[in-house]
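A.B. asks: Here's a sequence, model it:
(2 chains)
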Number of protein chains: 2
Amino acid sequence: MATLKQVAAHAEVSVQTVSNALNAPHRLRADTLERVNRSIELLNYRPNRNARSLRTSAVELIGYCVPSWPNHTHLVMDQFLHALCAAAERTGRHILLFTAPGGVDGMPTYDDLHARRMVDGFVLSQTETHDPRHGWLKEQDIPFVSFGRVWKQTTQPGPWVDVDGAAGSAMAVRHLHESGRRRIAFLGWPKLSGLGEDRLGGWRDACKDLGLPTTGLTVRCREDSIEEGARATARMLDTGRTVDGIVALSDILALGALRELTRRGLTPGHDVGVTGFDDSPLAEVVSPGLTSLRQPMDQIAEELITILTGTVNGSPVERLLRPELVIRGSSAPG
Amino acid sequence: MATLKQVAAHAEVSVQTVSNALNAPHRLRADTLERVNRSIELLNYRPNRNARSLRTSAVELIGYCVPSWPNHTHLVMDQFLHALCAAAERTGRHILLFTAPGGVDGMPTYDDLHARRMVDGFVLSQTETHDPRHGWLKEQDIPFVSFGRVWKQTTQPGPWVDVDGAAGSAMAVRHLHESGRRRIAFLGWPKLSGLGEDRLGGWRDACKDLGLPTTGLTVRCREDSIEEGARATARMLDTGRTVDGIVALSDILALGALRELTRRGLTPGHDVGVTGFDDSPLAEVVSPGLTSLRQPMDQIAEELITILTGTVNGSPVERLLRPELVIRGSSAPG
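C.D. replies: Next up is the predicted model:
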């Protein structure tokens, strides 16, 4: 397999000239072009499509702050990063990873990366309530797009792509209802989580639509851990209320619910249907498998890159995508 | 919070001049330097240490091919990427992510990224048996370092950092032995996996050292899945052989073992001690928790970056690091 360098050496030209022969042949003298093309043919050089598309535009890098760990909410990060990287490459761009402190303390890092032209824009994720990054980047006129809305804010400071959590909860409720469940509880997060309130709202609305009870069927967990999920489930069941379905705000909380149900001799999927959120690798490895809402990662990545690299006029672009319910044993008909 | 740009605007100089004032003050005329420093003080500009260190060297980017998904072996990828990114930044460098086809088909991507000076070198991971990338990069004189050895090769084509799988298996065997286990089985992969053979060898040697039996106590799984781990455990127990410990080659296989033991009414941790490899997020979420061998990610990343960016003379650098045994309920004293 020939390389760009070998072609250049064979034709006795620079790498840039070979690149021009491939992408901007009009820039070369006819005899040079012919010489390079002959070398390409003789050495059987196969140009890489990704790289070729890159050469036609200015090199553009997109900054992405890699989340710190350990943090369970990043269980689908590898999926997101691969999708983001592939989407960027389809436009001839690449992802530059960096680390930064959280909140406002991280802003000098964003600022410097942009001021020094290391990156041309940012994809934000792990958006927090009152996240300061979006407003700050907008103020600095630095291009960005957010995977996730800035919660508890009346207007969004910039373009975003998000997954419709309320619609997801509603899908889970309707699925459990179709399999015969009539008392469906919700395991949530503290009130300060905008994402949590969004998903909670979807559960409540769907229950009301279907004429299902909601009173006394919500438990707020203090943190996103298996232990809290189990404790919340225990608290719910200890009240003596009948529960035949549980919509959990995350896979982690759902796993806690499965654990507590099993501990009490109840069979998840048979006695109580359980659903989670995110379709993380955890959902597949527990037994029974966990029914969960999958985020459409490829589409999310595609939209993020399109928005960031497009010429957007007027009001910020907003894309709310629907998750997909992946059904497994934890919600089998009771 | 002031930005580099605002300081530059205030002092009526370019961003590069502010950068010079911070990092190479001797390059500036005394009056310019004074003016910039006054603006820095007035605007209370806090330079970002990461970015400052960057400015002192040529911009250098390190390429890392993001693995495709879904693939369970990437469960600790977020940890690796964060550690790698942080280690690179401590030297003023950044990680550029890219995607590439596997094997030799991916080489044009590596070649072009380097020829076009998008990256100055590569960190390889997900190394495969007879991986063609290493030899090819060495031949092209492109700097690289590998996380993981190229198995089934007598000499390594370049520098590498790896975790000592044989030592890890031996640690697991000794741990199970100390808690009273005397018939410790090994759940492995097919023979063609060099990594698998390495870990198998560590189990065999440790058993021999301790005078423990090994005959008939190995099962090779066809793939790295929970189902295969469960099937292999069933096959082992169906022979009627007594087994009171299981060292599994991966967390996934170990989870399969836990599942099959539970299905048969055996209590993992009580009746049979089980250990996995990698200390993935799965290890913490199962019940009982899975004892597993953790890879020292921060140290791995530090070594990779040091090797790649250092001026290494003579023979390739090789670093074999020891994993750490994280003990949980699955190997509690029986």
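
A.B. asks: make it CA atoms for all contacts and neighbour counts henceforth
C.D. replies: Fine.

A.B. asks: tell me what the host helix or strand of A:Val36 is packed against?
C.D. replies: In the assignment (DSSP states H and E), A:Val36 maps to helix A:30-42. Applying 3 or more Cα pairs under 8 Å, 6 or more residues apart in numbering or on different chains; DSSP states H and E, we find helix A:30-42 packed against helix A:4-11, helix A:15-23.

A.B. asks: Can I get these in TSV including mean neighbour count, distance to B:Gly63 and mean pLDDT?
C.D. replies: Formatted as TSV, the helices and strands packed on helix A:30-42 follow (neighbours: other Cα atoms under 10 Å in any protein chain shown; distance: least, Cα to Cα, whole Å; pLDDT from 0 to 100):
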stretch	mean neighbour count	distance to B:Gly63	mean pLDDT
helix A:4-11	20	18	88
helix A:15-23	19	20	80
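
A.B. asks: and of those, who's closest to B:Phe147?
C.D. replies: helix A:4-11 (26.5 Å; Cα to Cα).

A.B. asks: Name the helix or strand for the nearest residue to A:Ile305 once chain neighbours are set aside, please.
C.D. replies: With sequence-adjacent residues excluded and distances taken as Cα to Cα, 6 or more residues apart in numbering or on different chains, A:Ile305 is closest to A:Ala88, at 6.0 Å. Here A:Ala88, judged by DSSP H and E, is contained in helix A:77-90.

A.B. asks: Check for me that A:Lys152 belongs to a strand.
C.D. replies: No - if the criterion is DSSP: H, G, I helix; E, B strand; the rest coil, then A:Lys152 is coil and not within a strand.

A.B. asks: For the residue of the stretch 101-250 of chain A found nearest chain B, grab phi and psi.
C.D. replies: Taking Cα to the nearest Cα, chain B has its nearest neighbour within the stretch 101-250 of chain A at A:Pro108, 5.7 Å off. Main-chain torsions, A:Pro108, degrees, to the nearest 10: phi -60, psi -30.

A.B. asks: again, but for A:Gly276
C.D. replies: phi -120, psi -160.

A.B. asks: still on that earlier bit, partners of the following helix or strand past the helix holding A:Ala88, with directions?
C.D. replies: As assigned by DSSP H and E, the chain's next helix or strand after helix A:77-90 is strand A:93-98. Looking at strand A:93-98 with DSSP bridges, its partner strands are strand A:60-65 (parallel), strand B:94-98 (antiparallel).

A.B. asks: Would you tell me which one of the ones you listed is buried the most?
C.D. replies: Of the strands paired with strand A:93-98, the one with the most neighbours on average (mean count of other Cα atoms under 10 Å in any protein chain shown) is strand B:94-98, at a mean of 24.

A.B. asks: can you list contacts of it?
C.D. replies: A:85-86, A:89, A:94-98, B:60-66, B:84-85, B:88, B:119 (Cα atoms under 8 Å, 6 or more residues apart in numbering or on different chains).

A.B. asks: and if you look at stretch A:181-188?
C.D. replies: A:173, A:176, A:196, A:200, A:203, A:207, A:212-214, A:217-221, A:229, A:232-233, A:242-249, A:253, A:273, A:334.

A.B. asks: which among those residues end up buried?
C.D. replies: Using 16 or more other Cα atoms under 10 Å in any protein chain shown as the burial test, these include A:173, A:176, A:196, A:200, A:203, A:207, A:212, A:214, A:217-221, A:229, A:232-233, A:243-249, A:253, A:273, A:334 as buried.

A.B. asks: The residues you listed in helices, which ones?
C.D. replies: Using DSSP state H to define helices, the subset of the buried ones among the contacts of stretch A:181-188 located there is A:173, A:176, A:196, A:200, A:203, A:207, A:229, A:232-233, A:253.
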